[in-house]
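In: Give me a model of this one.
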Amino acid sequence: MVEQVLKRPEQVVKLVVEALWNDFNGTGPDSGMWWHGNLSKVAQYAKSAVPKLNSPEDLLGCLRLEGLALAYHFYSKPTPLIDLMFWPAFEYEHALGVLTDGKRIVGIGYSLDVEPFKRKRRSTQSRRA
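Out: Prediction:
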């Protein structure tokens with residue numbers, strides 16, 4: 001899995017910035033983090049690194065990859081995940097973790113504490129006639 005991530009860095013970077021952008025705008029899966037749907041606050045905190053956040057590509061200026069970790073031990077699924085660890089300009093207290101399986105982003109949160117996005121449950125109530 002690490003090889004999958006390292007062999008296609010351009011694709012992984014694109015996935016990361018798009019997933020973060022969607023989370024910041026409240027249009028992607030809910031990370032449950034303070035920044036979900038709060039682009040204006042993210043932009044305020046990141047202003048020292050990036051004057052304006054107008055697109056996903058602008059996030060590249062406020063993210064610094066620090067490392068990656070295999071995150072299989074947190075989950076009941078047998079498939080391991082990679083936690084990409086960043087020091088972002090918008091979050092000074094905690095590192096940012098982005099979980100990936102190499103093909104998609106499956107979670108966003110604080111590094112080493114990030115969990116996969118929760119899926120919404122379908123309603124099990126049946127319609128009454």
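In: now the residue found closest to Phe24 once you drop the neighbours it is linked to in the chain: how far from Leu81?
Out: Closest residue in space to Phe24, ignoring its immediate chain neighbours: Leu39 at 4.3 Å, by C-beta to C-beta, 6 or more residues apart in numbering. All C-beta spots, glycine's among them, are computed from the backbone N, C-alpha and C. Distance of Leu39 to Leu81, given as C-beta to C-beta, to the nearest Å: 26 Å.
In: circling back: who touches the residue nearest to Phe24 in this structure?
Out: Shown in contact with Leu39 (C-beta atoms under 8 Å, 6 or more residues apart in numbering): Phe24, Asn25, Leu53.
In: Where does the prediction get shaky in the protein?
Out: 72-78, 119-129 (pLDDT under 70).
In: Need the residue closest to the centroid of it.
Out: Nearest to the geometric centre of the chain sits Ile108, at 3.1 Å (C-alpha atoms, centre = their mean).
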